[in-house]
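Undergrad: next input, structure requested:
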Amino acid sequence: MPKLKTKSGAKKRFKLSKNGKVMTAQAGKRHGMIKRTRKFIRNARGTTVMSEPDARIVRKFLPYG
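TA: Residues are numbered from 1 along each chain as shown. Next up is the predicted model:
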């Protein structure tokens, strides 16, 4: 059985949780923080679970997904 290939861009941006859900960084934190509320910035720390329709697409790029 050959080794499975992965998309390099996907492996840098996403990871799979133990239950098989796709984890990704929070969106909307690259620039423009002055106009964002403190609550938004606080809640957008760390990672989040990707929505299921989007996660189906990403799983195709990750091996053993």
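Undergrad: where does pLDDT dip in this protein?
TA: For the chain, no stretch is flagged by pLDDT under 70.
Undergrad: what's the residue nearest in space to the middle of it sitting at in phi/psi?
TA: Nearest to the centroid of the C-alpha atoms of the chain, with distances taken as C-alpha atoms, centre = their mean, sits T24, at 1.8 Å. Here is the backbone geometry of T24 (degrees, to the nearest 10): phi -140, psi 160.
Undergrad: show me what the helix ranked longest in the chain is in contact with.
TA: For the chain, the helix with the greatest residue count under DSSP state H is helix 52-59. Outside helix 52-59, the residues within contact range by C-beta atoms under 8 Å, 6 or more residues apart in numbering are A10, F14, L16, K21, V22, T24, M50, G65. From N, CA and C alone the C-beta is placed, and that goes for glycine too.
Undergrad: just the CA atoms of it, as CSV, please.
TA: Below are the C-alpha coordinates for helix 52-59, written out as CSV (Å, rounded to 0.1, in the frame of the first residue of the first chain):
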residue,chain,number,x,y,z
GLU,A,52,-19.7,20.2,8.7
PRO,A,53,-20.3,21.2,5.0
ASP,A,54,-16.9,22.9,4.9
ALA,A,55,-15.3,20.1,6.9
ARG,A,56,-16.3,17.5,4.3
ILE,A,57,-14.3,19.4,1.7
VAL,A,58,-11.2,19.7,3.9
ARG,A,59,-11.2,16.0,4.9
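Undergrad: quick one: buried residues of it?
TA: Buried positions in helix 52-59, judged by neighbour count with 16 or more other C-beta atoms under 10 Å: A55, V58, R59.
Undergrad: can you lay out those residues as a markdown table showing distance to R45?
TA: Output for the buried residues of helix 52-59, formatted as a markdown table (distance: C-beta to C-beta, whole Å):
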| residue | distance to R45 |
| --- | --- |
| A55 | 21 |
| V58 | 21 |
| R59 | 25 |
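Undergrad: about what we covered before: mind listing what the residue lying closest to the residue nearest to the centre of the chain once chain neighbours are set aside touches?
TA: With C-beta to C-beta, 6 or more residues apart in numbering as the criterion, T24 has its nearest non-adjacent residue at 4.9 Å, and that residue is M50. Contacts for M50 (C-beta under 8 Å, 6+ apart) come out as F14, K21, V22, M23, T24, V58.
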